[in-house]
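**Q** return atomic coordinates for the entry below.
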Amino acid sequence: MTAPVIAEITENLQANREAHRARWGIDPCAEVTAARSNAVGDPTVRGGGDSRIAGSGFSRTAIPLQLQIPSSGAWHQVHVPDRPLDEARAWLADALRRTPDAAAICVIGAGAGWVVDAVEELSAEMRVLILEPEASFCAAMLARRDCRALIAAGRLMMLHGPAFEGAPNAWRLFARLSAEPPVLVHPVIALARRDATVAAARLARKAIADALANERARRRFAAPYLLNTLRNVPALAGESDAGVLFNLCPDVPVVIAGAGPSLNRNLEELRPYRDRAILIVADTALRPSLAAGLVPDFVVAVDPGVANARHLTRLPACPQTVIVAEASVQSASLESFAGRTFLYRVAAHQPWPWLTASGLDVATLRAWGSVLITAFDLGVKLGGSPLILIGADLAYTGGQPYCRGTVYEDDWTARVATGESREDIWRGAIAMHRAVVETHAGESVATAPHLVQFRDGLLHAAQSSSARVINATGAGILRGGRIEQGTLTALLATAPPLPPLTLPRRPPAAEVVANLRAAIRDLPGVRSGAASMPEAWGEIFAEHLPPDASLREQLVAIRDSLDRWARH
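**A** Coordinates of the predicted model:
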């Protein structure tokens, strides 16, 4: 292999890795060992060529990739010699026979990646998720050609076995997916790397399921995100950007509370040490905390639904608690926190493109379907360490769906008054979700798919945090990764008391508010039809699930209200 070819290979590999890190936050060749043995089941590259390339598992057509099948000891080539692209075309065509309109595919075992070339020939939009059981083949593919345009466009993501680091983010490749994509499994790689292939298939199913669920959620919540954020424009113009809180509490212990069944016990454990840590609670955990006499520093809200506003309305007085809220929560959720509101967004969903055009923007916090994950991300952004989780069972500890003292307590009490038992009520609530049983510390723990997903999201969030993360819940399924297990006493008993927390404020500049008022006055009316509103807003209404004819009327009322505010 000539020096110019080697230089091209090296350049491709480095450039593609950098592009993948920039787009997906993952190095697809991380921890790939260059030196490989001839042991059974390990990859080897046979044939001529430069040792620097062969040793890394790289393959161009001159150096065929081969794997040894453990069961037989036989060596098999991963691609057909001299015709790898033709083979890939046929493989792709066969996979697409049942789903010719597929917007994406998942490939388990791509080898040198000829199937990606076949996809490019076929479609200018199709996306490809590669789960590569043989780690060294990621380097083979990325060294063979320049993939930067595909990666930057969000059309190509690669994860390698056996651990498939970054798998919780794999669903992002399938964003806006409305139908299940085909999954292609390479027969030779599957035989040679059976365990990693099985793991990849499991991850593929989860990534696809998560993407479909995310798309259903997008179509369900995009309209509330839009309408509620517009309703909250006056609050956005007068309250603070949550970004001003970032790095406010460097290296200070932060306790983050969910509303799992163990929270009531955890709050009693926290009581002697309340002045030694910042306390962040999920909105569902606010009432139980206040009832226990432990006033939180921050309450976090993210859900735009009407039902979720119950957690934040008709509250006991809590003037020392501030709310950190997604800008699309119900306006009623903010009323008890006037002057003590810090707003953020979870994404650039509508109407943020319109708002940012006026210069209005707020910081972003992570969301993964659970307010507990957003509360954890706030702890990370505060700069806290250690980050201590309580009430984070993510399981039905003691047969309870939640801790005691949430807004659901009134519902349970009313039903008990009619003759139902509280245990039957709990069992009914739990039965609404598919049962999942995990084993931890030798005990069976009852949970549910959505709670497992939240646990996986927290594990991923903890992985990217530089702080120590300790679960002090004492029950449930939150284990693994970088999350340690501990107790509040061990963590806080020797910690010094904290000084009173002084919160900065950062409302938008007067010029930004003036621009926003002008933009509202220029906003087209919406009475005459979709064509008179921003196109993206009309698309949201058209896609909304379930169909809701009232959305347009709500926008009319909001537009009129904002116009009055803008002219005030």
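**Q** may I ask you to name the longest helix in this protein?
**A** When the chain is parsed with DSSP state H, its longest helix is helix 194-231.
**Q** name the residues of the helix or strand that that helix is followed by that are buried.
**A** Remark: after helix 194-231, the chain's next helix or strand is helix 233-238, criterion DSSP states H and E. For helix 233-238, a neighbour-count test (16 or more other CB atoms under 10 Å) marks 233-237 as buried. Yep, even glycine has a C-beta here, placed from its N, CA and C like the rest.
**Q** lowest-confidence helix or strand of this structure?
**A** Ranked by mean pLDDT, DSSP states H and E, the weakest helix or strand in the chain is helix 51-54, scoring a mean of 34.
**Q** in its sheet, what does the next helix or strand after it sit against?
**A** For helix 51-54, the following helix or strand on the C-terminal side (DSSP H and E) is strand 65-68. Taking DSSP bridges as the criterion, strand 65-68 forms sheet pairs with strand 44-45 (antiparallel), strand 75-77 (antiparallel).
**Q** rank the ones you listed by pLDDT, which is bottom?
**A** Among the strands paired with strand 65-68, strand 44-45 has the lowest mean pLDDT, at a mean of 36.
**Q** show the model's pLDDT score for the closest residue in space to residue 299 that isn't next to it in sequence.
**A** Leaving out its chain neighbours, the residue that sits closest to residue 299 by CB to CB, 6 or more residues apart in numbering is residue 286, at 4.8 Å. Residue 286 carries a pLDDT value of 98.
**Q** residue 286 against residue 316, yeah?
**A** No: applying CB atoms under 8 Å, one finds residue 286 not in contact with residue 316, separated by 9.5 Å.
**Q** higher neighbour count, those two?
**A** Each of residue 286 and residue 316 has its neighbours counted (other CB atoms under 10 Å); residue 286 has more, 28 against 10.
**Q** quick check: angle from the strand or helix carrying residue 323 to helix 194-231?
**A** For residue 323, the host element (DSSP H and E) is strand 322-326. Interaxial angle of strand 322-326 relative to helix 194-231 (axes from the mean of the first three to the mean of the last three CA atoms, to 10 degrees): 110 degrees.
**Q** how far off centre is strand 322-326?
**A** Here strand 322-326 is found 19 Å from its chain centre; the criterion is CA atoms, centre = their mean, to the nearest Å.
**Q** so which elements touch that strand?
**A** Where contact means 3 or more CB pairs under 8 Å, 6 or more residues apart in numbering; DSSP states H and E, strand 322-326 is packed against strand 298-301, strand 341-344.
**Q** show me what the first one is packed up against.
**A** Using 3+ CB pairs under 8 Å, 6+ apart, the elements in contact with strand 298-301 are strand 278-282, strand 322-326, helix 371-382.
**Q** buried ones in the longest helix of the chain?
**A** Under 16+ other CB under 10 Å, the buried positions of helix 194-231 are 196-197, 199-201, 203-204, 206-208, 210-212, 214-215, 218-219, 221-231.
**Q** with stretch 129-145 instead?
**A** Buried residues in stretch 129-145 (16+ other CB under 10 Å): 129-145.
**Q** quick revisit: please report how far the residue nearest to residue 299 lies from residue 355.
**A** Distance of residue 286 to residue 355, given as CB to CB, to the nearest Å: 28 Å.
**Q** repeat for residue 493
**A** In terms of CB to CB, residue 493 sits 46 Å off from residue 355.
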